[in-house]
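Student: take this sequence and fold it.
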Amino acid sequence: METGMLTLLGKTVTLMESLGFLWLIHTGFELDLWQALREEHSKEELLALNPNWDPILLDHWLEQAKLQNLLHKHEDKYRLSRVGKAIDVYRDYGLEAMYKEFVLYWGPVFAELPSRIEGFTAPVNMESEMENELISRASRASEFFVWPVLKGRCEKERWLRILDVGCGEGFYLHKLCKEFPNIQGLGVDINPSVIERAQGLALSSEGRLHFECADILNLTPPPEKYDCCLLNNNIYYFAPDQRIELLRQLKTWLAPGGRIGILTALRGTHSSLPFIQTHIPQNLMSFFLACHEDFQGLPYEEDIIQLLNSTGYHEIEVMPLPFKVSHYFFARN
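Tutor: You can find the predicted model right below:
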C-alpha cells in the first residue's frame with residue numbers, strides 16, 4: 001500500500017477516535033455521568049438510579065469511555081480515570097459549553113458546506129443559544145491564561161477605570177474589582193441574558209461595577225475617560241469597517257496614555273507546546289465562523305496590527321498566550 005493511502009487510512013482512524021471522544025464527553029455532561037462516576041458504580045447500579053435509560057447504549061458508552069482511558073474498570077465497576085476527573089473538574093470552566101457547541105452546531109454547519117460553497121445554501125444565522133449562552137460560557141476556558149496577564153497589567157499600570165466591551169458575564173471585571181479595591185468598571189454587552197447574569201456579580205462590588213446591555217457603537221460617550229478598554233474574544237464579530245469605527249470611538253473614550261487590549265484567536269499560528277504542534281483548531285474555528293452571515297472568520301496577526309496603526313494607536317505589543325492559539329494585543333492611546 002502506498003504511503004499516501006496509509007496516511008489517509010491513519011487520519012480516518014484518528015477521525016473516528018476523535019468523533020467518539022467528542023460524543024462521549026458531551027453525553028457524559030448531558031447525563032451527569034462524569035459527576036456520578038467520581039464514585040465506583042456498576043452498569044446495573046447506574047440503571048437502577050436511571051430506570052428509563054437504554055442498557056445496551058449505556059453499556060456501549062461505558063465500554064468506549066474505558067477504551068478512551070476516561071474510565072477505569074475494576075471487576076464490574078467503573079470509576080473516573082485522571083483524565084475523566086479533569087473533565088468533571090473543568091466542566092464549569094467552559095469545557096461543557098465547548099463540547100456542546102462542537103456537537104450541536106459545528107457538525108450541522110459543516111454538513112452543508114458543499115452547497116454553501118456552491119452558493120446554493122445561504123450563510124447560516126448564529127443560533128440564539130450560541131450567541132446568548134455557549135460563547136460566553138466557553139470563553140472561560142481561557143481564564144487560566146488570560147487572568148494572570150490582566151492582573152499583571154493592572155498592577156503595573158495602575159488602572160482605575162476599565163471598560164470591558166463584549167463583557168459577557170463580567171467575569172474578568174469582577175475578578176479585577178475584587179483584586180484591586182480602587183477599580184471602577186463598566187461592562188457592555190449586546191446580549192441581555194449574559195448581562196443579567198453579570199449584574200448579579202455587580203451586587204457584591206459596592207457600586208464599583210456596572211453592566212449595560214447595549215450596542216457599543218451606539219453607546220453614549222461616558223463622562224469620564226478610561227485607563228483601559230478591553231475587547232476579549234470579540235473583535236471578529238465586527239466587520240472590518242466596524243472595527244475601524246469601534247477603535248476610533250474607543251480612542252476618544254480612553255485617557256491620554258490609556259491602553260486598549262484586544263484578545264483574539266488568530267489564523268495560521270502554531271501551538272508552542274511540543275505535544276500540540278498544530279494550527280488546525282483556530283483555523284477550524286475561523287472556518288466555522290465564516291459559514292455564518294456577516295462573519296469573515298478570525299483575523300491574522302498583521303490584521304490587528306494594521307488595525308491599531310490605522311486608528312492612531314502606538315506602542316503595540318503582541319503577547320502570545322500559552323498554546324499560541326490566542327494573542328493579546330496591547331496598544332497605547
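
Student: can I assume residue 24 is in contact with residue 70?
Tutor: Yes - using C-beta atoms under 8 Å, residue 24 is in contact with residue 70, at 6.6 Å. For the C-beta atoms, the positions are set from N, CA and C on the backbone; glycine is no exception.

Student: who has more neighbours, these two?
Tutor: More crowded of residue 24 and residue 70, by other C-beta atoms under 10 Å: residue 70, with 25 against 22.

Student: okay, now the unreliable bits of the stretch 151-300 of the chain?
Tutor: The stretch 151-300 of the chain contains residues with pLDDT under 70 at 269-280.

Student: residue 103: neighbouring residues, count only.
Tutor: Residue 103 has 18 nearby residues by other C-beta under 10 Å.

Student: what sits against it?
Tutor: Residues near residue 103 by C-beta atoms under 8 Å, 6 or more residues apart in numbering: 22-23, 26.

Student: list just the nearest of those residues to residue 173.
Tutor: The shortest approach to residue 173 among these belongs to residue 26, at 30.3 Å (C-beta to C-beta).

Student: mind naming the longest helix for the chain?
Tutor: helix 3-30 (DSSP state H).

Student: list the buried residues in the helix or strand following that one.
Tutor: From helix 3-30 onward toward the C-terminus, using DSSP states H and E, the following helix or strand is helix 33-36. Within helix 33-36, the residues scored as buried using 16 or more other C-beta atoms under 10 Å are 33-34, 36.

Student: if we can go back for a sec, and the longest helix of the chain, what other elements does it pack with?
Tutor: helix 55-67, helix 96-101 (3 or more C-beta pairs under 8 Å, 6 or more residues apart in numbering; DSSP states H and E).

Student: geometric centre of this protein: which residue is closest?
Tutor: residue 139 (2.9 Å; C-alpha atoms, centre = their mean).

Student: per-residue confidence at the residue nearest to residue 79 when sequence neighbours are not counted?
Tutor: Excluding the flanking residues, the one nearest residue 79 by C-beta to C-beta, 6 or more residues apart in numbering is residue 40, at 4.7 Å. Note on residue 40: pLDDT of 96.

Student: tell me if the residue nearest to the centre of the chain really is in a helix.
Tutor: Yes - Residue 139 forms part of a helix when assessed by DSSP: H, G, I helix; E, B strand; the rest coil.

Student: so what does the host helix or strand of residue 156 touch, helix or strand wise?
Tutor: Per DSSP H and E, residue 156 falls inside helix 143-157. In terms of contacts (3+ C-beta pairs under 8 Å, 6+ apart), helix 143-157 is packed against helix 171-179, strand 226-232, strand 254-265, strand 326-332.

Student: now residue 238: phi and psi?
Tutor: Main-chain dihedrals, residue 238, degrees, to the nearest 10: phi -100, psi 140.

Student: gap between it and residue 250?
Tutor: 12 Å (C-beta to C-beta, to the nearest Å).

Student: ok, residue 293 touching residue 116?
Tutor: No - using C-beta under 8 Å as the test, residue 293 is too far from residue 116 to be in contact (11.1 Å).

Student: name the residues contacting each of the two.
Tutor: 122-123.

Student: so the two - more neighbours on which side?
Tutor: residue 116 (17 against 9).

Student: so what's the backbone phi/psi at that one?
Tutor: The phi/psi pair for residue 116 (degrees, to the nearest 10) is phi -70, psi -40.

Student: quick check: it touching residue 290?
Tutor: No - between residue 116 and residue 290 there is no contact under C-beta under 8 Å: 9.7 Å.

Student: find residues that contact each of those two.
Tutor: In contact with both residue 116 and residue 290: no residue, using C-beta under 8 Å, 6+ apart.

Student: measure residue 254 to residue 229 for me?
Tutor: For residue 254 relative to residue 229 (C-beta to C-beta), the value is 6 Å.

Student: between the two, which contacts overlap?
Tutor: residue 260.

Student: give me the more crowded residue out of the two.
Tutor: Ranked by neighbour count (other C-beta under 10 Å), residue 254 and residue 229 place residue 229 first, with 25 against 20.

Student: can you report how many residues lie near residue 31?
Tutor: 15.

Student: for residue 155, which non-adjacent residue is closest in space?
Tutor: Leaving aside its chain neighbours, residue 155 sits nearest to residue 180 (7.6 Å; criterion: C-beta to C-beta, 6+ apart).

Student: cool, residue 170 as well?
Tutor: residue 198 (3.4 Å).

Student: looking at it, that neighbour is touching residue 187, isn't it?
Tutor: Yes - using C-beta under 8 Å, residue 198 is in contact with residue 187, at 5.8 Å.
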